[in-house]
Structures are given as structure tokens and as C-alpha cells.
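Participant: the following block contains a protein sequence and its predicted model.
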Amino acid sequence: MSVQKEEKFKNAYSDFLSLLDFDRVTALLEEVARELKDRVLFSTRVGEDSLTVDNVDNIKNLVERLGGFRELDYIAAFAGDQLMLTADFSSGQIKLRSVDAQVLNKFVNYWKRVCKKVGYRKDLVKLATSIDAKRFVLSCLNEEGGLGDIPRGPAKLDHSYAISILESLGMKHILLRFASFLTNTQNEDGGWGVQKGFPSRIIPTAGAITVLAVVSSEEIKNRDACLSKAVDFLVSKRRRDGTWEDGKRHIKLATMISTIALLKIQRIEPSERRVPPAFQKWVSEFQLQELDSILAKNLKEMGLLRNEDILSILKRVSFEIENEFAFLSWGFSIMPITLLVNLLLWAGVNPKDPRIRSIYDFLMKNRNRDGGWPSTIHRKSMLYPTILCLDALESITFEEQSG
Amino acid sequence: MAEVARKAMQLTWRHCKTSWHYCFSCLKRFDPKTAKLCSKCNWLVCPICGQCYCYLDEDSKNVVEAFYSAHCVGRNCPYGKGGTVSEGLPLPSPQEIEDELLQKRLQDAEEKLKDTMNKGKDKVKWYLVDHGADHIRRVDQNLESAEKLFEKISIARNNLGRSLTQEEIFKLKVAIAAHDIGRTMDDGKSHAMLSSEYVQEDTSIPLNATERREIAELCLLHSEGATREVYGTGDIAELLKRGILSPEVAYKATLLRISDACDAGKERAEVNTFGQSRSEVLERVNRELPNQAHTITSHWHGHEGFEQPKLKKDDGKLAIEVILNSKALQSHGSDIAFRIKDMLRDFRSTIVHNNYSLELKADNYEALQAWYSAYHLVLEEEIEGAQVKV
């Protein structure tokens, strides 16, 4: 006989879950054990091996013994109709079901309290943020290879220059998909618009060049032809004074990204300093809000952001930096904070310095449960700030290790 | 040696029009124009290994002579020795020769991997069910039946538009032999990641660069956890949908993952990786790990509760048939439910997703009904969208 699906479990709840929530999950399971006593069975699966657990305290040891957190698949608690709880680390979701709405609410409320009260697993930050971020970025990737600002959003190209650093964040597979998308969506004139099919503009075109510059022609067919057309477009739009304009408000940004793009493919020799004369003046006057860490990194690598420029920027915001918490009040915006952490590290500040620690804590505290970050706190996760935050965390960890 | 010499002659004969020759000894291909003639035997000296007819044993010499007189004499081969051709032994077809060579390479690769597995198996946990040679043999059998079934029920046609080639099956079989080899290594990484790296790095496995890369990728993709670590999701279907995996890789990775998952029945729990019987292992668990005995034995009891799951065609679709042990259902119902859940989780994270039916059978219908009624909620997420028959 065919079994009819039972309609009993109408009371269901689900929430995002990360490996960082491991202690929160065990706290919830302890509560389940206290409430449901011997009616509840626990089981955990690590890799391809799963075991029944009789004591919640043993779960961590068991996970470590069986293959570690990398392979942790799920932890489940089952108490017949009363409760089916799955902390599913594979899909990144915790799910609770019960026939009894009261029972469900009790555990859901407990879970919400636990998420506020119990801290995240500090030893799993690197692994967990990497997996969660990959999941989040993947959810922004559409079937054509375009990347939306948000999951399932339309592909946008205004921050495409940020995509070029995905390889260093362990996401070369997404970088390649995006590069392939670019080669398929280039306009006839060689440029790209802010979205597929839109008229060509400077910033998306220069951003696309920075992406195509870091992949090879073996990896992406048509890369060379595409790049050549794009460079011709960009060079043709250069103004007499050597700058680019993408709307009146974006002269600095358009010039910066275009210069980086052309330097990356060696169409401007850094030694010749054939960059716009205004450029060096801008660099020495940069405000934190005018730059982001990816652009700054590129400028630094190309010798266009010198140590004295970094110190000069830091000096201008010294008031906020001296007070280790003041800078965190900058409009709760992620972009300047992720830039600041890099500037401090480049200026030789120790990663264990309280200011860096504060930034680290700020970033971890304001990470959304879907594994992404918003551009300003308490908002929805978006691709661009997520990449900036991952890069900042990577810088801090890297500096810590090399320190 | 004689076998290698025979193959070399067959291959040389096949390519003699284009003048490629194959060495009797190393079986490598060379251009005869670049080879010198041995003054002693009058045969070409292989420019790669430096050997010629003189180095062959008597059996090999006989094979070479017989083949030469049957097929080569009188063909005006510039490297030949004159005479007339006789109508003799039938030659295998080019495809048969290719298949044989592939088979030989598969054996060599499997032997090499088996040897590595044996050398490092002390690192595999003794209290877990079999992850050794018998497991690999069963996964290999599962692959053969799954591959045929996927063709029958059009999964191959819908996803690939064709059947797998012999070369692709070769790669899948090597991936099966290698998929758990990472368990013998201890490097703080997931076992599938280690297996993948091992295949990529150990050049003594007889593979070319493309095969090595593809097999390494399959080793990684066999595990949901390792795939998740690299790509952010362990779901092969999602990676296919977003263009991260090609349809070919997604299809092969699906076959590997479900063939591995289907080795979940009682045969899996007859011995551990070291060949110690179930009763020996459980005795040892009680003696050496008394505090964890309940936890560890649950794993064994779960596997013991059902026969090896079978894949079959039902109503034109994929069906998973699980024959349960009625007695075990009553004594270890939850352990069995969780083991079946695990197997179905692996199915759902492939291109099969929920496009299957689950047939649960037992000789005692009441026991089966009672078990299903008590534990079906354990499986609820995994059977969502699938059809269940009890």
C-alpha cells in the first residue's frame, strides 16, 4: 500500500543555522533532554557515520572523534509526535516540528533566547564563515552565472570589481562562472552596463576587466577577445585630463577602478606613472567613505597607495581611532569599517590590538544568520558588503597567523 | 610478459599504416623512425625503455613470432622481415583492444589503491562498520546496477542525452576504489578532501592528467560534507543548476554518491575495516569503550536491521527497495530509522533529489506497520515529495 503523508506536523519552525551555532544547538538539546527526559533520542551524523547519543555532553567529543566539524551533517532529537528537531548543518537550517503547538513554541522560544545568550563557537569562525559565505554567495549566483546583490536578485555589475577577489576567498568556481557570464553579456561596443543589456558604462566595464584579468584564456573561452574590446572601450572614454567619468558624482571612483583595471592588464605601466595627474592628490585626501578595502588593496599593490598615504588617512580619522569604540558609530556602515581594519594592519597595528578586536567583534556580531552581511547593520545581507567582510576577517586571521 | 608483448603486437598492427609502434616491454608508443635496429635480433629497440626482442622471455618471443608470421609478413612493412602473410588468427577489433587496455589500467589502479588502503588502514576507526575492500567491492556492484538502471529509466538520457562511455565508467570505478582512501590519512581535513588530494598528487596511479583531475573531483563530490566545504553546498543538483558542475560530472557524482549510500545494509556490518567480525567488534567495544558502548553499538544495530537496499524500476521511476528484519524493527527501531534516513539524505543531495519511491518490506507486516508508524517522522524530511510504499 502507498502511505498517505500525515498532516500532523503542521506546527513547524525553521531558522538559519551555522556551525558557529554549535553551542547553541547543544544548549537547546540539553533543554529538550530536561523537558522530555527518556522519551527523546539523539542522533548525530558525521561524514557517512551516524551514532545514537545518550548524553548531550558527549556530542562534541563524538563529532571530533568521527571526523570533525568539517564533516558534521546533522544532530537530531526525536521524541515521537512530541518533537522532531534537526540541526541540519548541511542545508544550514534548524528545523523543529511537533503536533503540539505549545511544545513547539516552548522550544522555539528557548532557541531564540539561546541565540541571544550563548556565544558563537570562536574556534570554528574560519571554517564556518567560509562555508556560510560560500552558501550565501552561491545563492546570489543565477543560472547564467550572473551575481545579484541579494539571493535570487537580478544580476548586477556595479560592484563587479569586488568579484575579482573571490579566488583568494576560496570561491574560484564562482569567479569563473561570473567571468563566463561577462563574456556572454558584453555589449557590442565592448562595455557592460549596470545590468545585462543596459547601455555600457565606465564602472561596470572597468570592474569586468578586473575580473577577466584574473582568469586565464584556458579557463574562459573568448576571454582575450572580450578583454581587448573592453579595453578599447575604456581607453576611448578616457578624458583629456586622464580621468574617467561615470556620471558627475563618480569621477573619482570611475577613475580609480579604470586605472586599476588598465594597470592589471598592463595597459598602463606603473613605473611610468601614467596615471591621471589628479590621482595622487585624491589619494592623499581620501576620506574613509570614498574608498573600500578591495580598491585600497589594489592601489597598494600597484604602488598607488603608499605608506604615507595610509598614515595620512588614519591621521584624519585619529579621533575616532583613539577611542576604540567611537569608530564603530560611523553610521553603522560596513564599508569604512572593513577598510579601516586593513589600513590599521598595513600601518603595522598588531591584530591583537583592542581596536582590531573591536572591529572583529563588530563584524561577527553584525553578521546575519544567513551567513551574509548587510551594508548597514540590521538590514538584509547583500553580496558586496559580504565580500568586504570576508576579506576583512581573512586579513585579520592571516595577520594573526603570520604575526 | 607474454600478454604485454601480444598487446604491443596488436596495437602496432592497428597503427602500422601510420607507423606507430608499441614496445613489447613497456607498451609505450614510439615512432619507429626514431628507433635503432638491434644488431643481434634485428628488431627495433624501444627509444623509451631501451629494450628489444632480446629481452623477452621464451613465451613472449613465441607470441611475437606467431603474431608476426600470421599478420605482418608480406605487407611491405618497411620495418618487416619479408615473407608472405598467412590467413591465421582472427584479430580482436580496435574497440576490444581499447577495452582490454582500459581493463588492465583499471586493475593496476585498483591494485595500487588497495595497497595504499592496506598500508594505512590502522588509522580507520576499528569500532565503525566496514570502510575497506569489501565495502569498495559492494559499492562497485551498486554502481554497475545503478548505471544500468539509470539508463533504463532515462535518467541518463534526460541528464546526459547518452549513456556513459567505457572511459567514463573506468573513471568512476577508479573513483570508487579511491573514495575512502583519505580515511587512512590524518591531516585535519575531511576524508573525501584527502582522497581527492591523494589522487591528484600520487602520480604512481596509472592515470593521465585529465583522468586524475576528474577522478579527484569525483572523490571530493562523493561526500556531502567535503562538497559543502568547497562549494558552500553539498547538493549536487544545486551545483548543476548554478552551472558550477557540468551535467557529466553531476551525473557521475550522483552515481558514486548513491552507490556508496546504498552500501547500508547488514553486509556492511558483518565485519569492520580490519575484517573483525561484528561479534568480535561489539565484544571489544564493551571491553575497551564501556562508556560509549551504547552509542557505538547503535550504529551496528542500525545497519543490521535491513538487507542491502536495492535500486529498481517501478512505474518507470527509480525505486529503492529496503527489506527490513522484523525482529530488529522491534528491538532497534530507532537505529534502523536513522540509518535509512542517512541513506535517503545522500539520495536527496544528488540529481535524483526526491524523484524516487521508497519501498519498505518485511516478513511481518504488523511489525513493519508499527515501526513505520512510530518512526516515520525521523524520515519525514527525507521522504518529502517522494512516494513511500510499505
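Facilitator: Nice, I can see it. None of the values given here were measured: they were computed from a predicted structure.
Participant: now do the same contact list for the closest residue to chain A within chain B.
Facilitator: Relative to chain A, the nearest point of chain B is B:Gly232 (2.7 Å; Cβ to the nearest Cβ). Quick note: C-beta positions are derived from backbone N, CA and C, even for glycine. Residues counted as contacts of B:Gly232 (Cβ atoms under 8 Å, 6 or more residues apart in numbering or on different chains) are A:131-138, A:171.
Participant: so what pLDDT did it get?
Facilitator: Listed pLDDT for B:Gly232 reads 94.
Participant: which one is it nearest to, not counting chain neighbours?
Facilitator: With sequence-adjacent residues excluded and distances taken as Cβ to Cβ, 6 or more residues apart in numbering or on different chains, B:Gly232 is closest to A:Lys134, at 2.7 Å.
Participant: dump the contacts of B:Gly232 into JSON lines; add secondary structure and distance to B:Gln107 as well.
Facilitator: Shown next, in JSON lines, are these (DSSP: H, G, I helix; E, B strand; the rest coil; distance: Cβ to Cβ, whole Å):
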{"residue": "A:Ile131", "secondary structure": "helix", "distance to B:Gln107": "38"}
{"residue": "A:Asp132", "secondary structure": "helix", "distance to B:Gln107": "44"}
{"residue": "A:Ala133", "secondary structure": "helix", "distance to B:Gln107": "44"}
{"residue": "A:Lys134", "secondary structure": "helix", "distance to B:Gln107": "38"}
{"residue": "A:Arg135", "secondary structure": "helix", "distance to B:Gln107": "41"}
{"residue": "A:Phe136", "secondary structure": "helix", "distance to B:Gln107": "45"}
{"residue": "A:Val137", "secondary structure": "helix", "distance to B:Gln107": "43"}
{"residue": "A:Leu138", "secondary structure": "helix", "distance to B:Gln107": "39"}
{"residue": "A:Met171", "secondary structure": "coil", "distance to B:Gln107": "39"}
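Participant: top of these by neighbour count?
Facilitator: Most neighbours among the contacts of B:Gly232, by other Cβ atoms under 10 Å in any protein chain shown: A:Ile131, with 28 neighbours.
Participant: got the contact list for it?
Facilitator: Contacts of A:Ile131 (Cβ under 8 Å, 6+ apart): A:18-19, A:371, B:228-229, B:232.
Participant: and which of these is nearest B:Leu324?
Facilitator: Using Cβ to Cβ, B:Arg228 comes nearest to B:Leu324 of the contacts of A:Ile131, at 30.4 Å.
Participant: my read is that the closest one contacts A:Asp73, right?
Facilitator: No: judged on Cβ atoms under 8 Å, B:Arg228 makes no contact with A:Asp73 at a distance of 9.1 Å.
Participant: who has more neighbours out of these two?
Facilitator: A:Asp73 (28 against 25).
Participant: number of residues surrounding residue 218?
Facilitator: You didn't say which chain, so I picked chain A. Residues near A:Glu218, counting by other Cβ under 10 Å: 7.
Participant: wait, chain B
Facilitator: When neighbours are counted by other Cβ under 10 Å, B:Leu218 comes out with 26.
Participant: how about the contacts of B:Gly232, which pair is most distant?
Facilitator: Every pair of those checked by Cβ to Cβ; the farthest is A:Asp132 and A:Met171, at 12.4 Å.
Participant: tell me which residue in chain A sits closest to chain B.
Facilitator: A:Lys134 (2.7 Å).
Participant: SS state for A:Met335?
Facilitator: Three-state call for A:Met335 (DSSP: H, G, I helix; E, B strand; the rest coil): helix.
Participant: contact partners for the nearest residue to it once chain neighbours are set aside?
Facilitator: Counting by Cβ to Cβ, 6+ apart, A:Met335 lies nearest to A:Asp292, which is 5.4 Å off, once chain neighbours are set aside. By Cβ under 8 Å, 6+ apart, the residues touching A:Asp292 are A:162, A:335, A:338-339, A:388.
Participant: in the helix or strand containing A:Leu212, which residues are buried?
Facilitator: Using DSSP states H and E, A:Leu212 falls within helix A:202-213. Neighbour counts using 16 or more other Cβ atoms under 10 Å in any protein chain shown place A:202-213 of helix A:202-213 among the buried residues.
Participant: and if you look at stretch B:274-281?
Facilitator: B:276, B:278, B:281.
Participant: narrow those residues to those in helices?
Facilitator: Per DSSP state H, helices hold the following members of the buried residues of stretch B:274-281: B:278, B:281.
Participant: mind putting the buried residues of stretch B:274-281 into a markdown table with distance to chain A?
Facilitator: As requested, the buried residues of stretch B:274-281 are arranged in a markdown table below (distance: Cβ to the nearest Cβ, whole Å):
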| residue | distance to chain A |
| --- | --- |
| B:Gln276 | 17 |
| B:Arg278 | 16 |
| B:Val281 | 14 |
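Participant: where does the stretch 151-300 of chain B dip in pLDDT?
Facilitator: Scanning the stretch 151-300 of chain B for pLDDT under 70 picks out nothing.
Participant: longest helix of chain B?
Facilitator: Max-length helix for chain B by DSSP H is helix B:94-120.
Participant: which helices and strands sit right next to it?
Facilitator: helix B:2-15, helix B:133-152, helix B:166-178 (3 or more Cβ pairs under 8 Å, 6 or more residues apart in numbering or on different chains; DSSP states H and E).
Participant: from the contact counts, what lies against the helix or strand where B:Val230 lies?
Facilitator: Element membership for B:Val230 (DSSP H and E) is helix B:224-231. If you count contacts as 3+ Cβ pairs under 8 Å, 6+ apart, helix B:224-231 packs onto strand A:72-79, helix A:125-140, helix B:191-201, helix B:209-221, helix B:236-241.
Participant: which residues of the stretch 1-150 of chain B lie near chain A?
Facilitator: Residues of the stretch 1-150 of chain B that fall close to chain A, judged by Cβ under 8 Å from any Cβ of the partner chain: B:125, B:128-129.
Participant: if you set the cut-off to 10 Å instead, what comes out?
Facilitator: Neighbours of chain A within the stretch 1-150 of chain B, by Cβ under 10 Å from any Cβ of the partner chain: B:125, B:127-129, B:131.
Participant: widest-spaced pair of the residues you listed?
Facilitator: Within the residues of the stretch 1-150 of chain B next to chain A (distances taken as Cβ to Cβ), the two that end up farthest apart are B:Tyr127 and B:His131, at 11.7 Å.
Participant: one step back: the helix holding A:Leu212 vs chain B: in contact?
Facilitator: No: counting by Cβ under 10 Å from any Cβ, chain B has no neighbours in helix A:202-213; the shortest distance is 16.0 Å.
Participant: what's in contact with the next helix or strand after that helix?
Facilitator: Heading C-terminal from helix A:202-213, the first helix or strand you meet, by DSSP H and E, is helix A:223-236. Contact with helix A:223-236 is made by A:179-180, A:182-192, A:200, A:202, A:205-206, A:208-209, A:211-213, A:215-217, A:220, A:222, A:244, A:254, A:257-258, A:261-262, A:265, A:267-268, as judged by Cβ atoms under 10 Å, 6 or more residues apart in numbering or on different chains.
Participant: circling back: what is the nearest of the residues of the stretch 1-150 of chain B next to chain A to B:Gln166?
Facilitator: B:His131 (27.9 Å).
Participant: can you redo the helices and strands packed on helix B:94-120 as JSON lines with mean neighbour count?
Facilitator: Shown next, in JSON lines, are the helices and strands packed on helix B:94-120 (neighbours: other Cβ atoms under 10 Å in any protein chain shown):
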{"stretch": "helix B:2-15", "mean neighbour count": "20"}
{"stretch": "helix B:133-152", "mean neighbour count": "18"}
{"stretch": "helix B:166-178", "mean neighbour count": "22"}
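Participant: for A:Asn307, find the nearest of these.
Facilitator: helix B:166-178 (49.6 Å).
Participant: and A:Pro270, what's its pLDDT?
Facilitator: 56.
Participant: ok, A:Val32 touching A:Asp38?
Facilitator: No: the criterion here is Cβ atoms under 10 Å, and A:Val32 misses it with A:Asp38 at 12.0 Å.
Participant: okay, those two: which has more neighbours?
Facilitator: Neighbour count, other Cβ under 10 Å: between A:Val32 and A:Asp38, A:Val32 has more, with 24 against 8.
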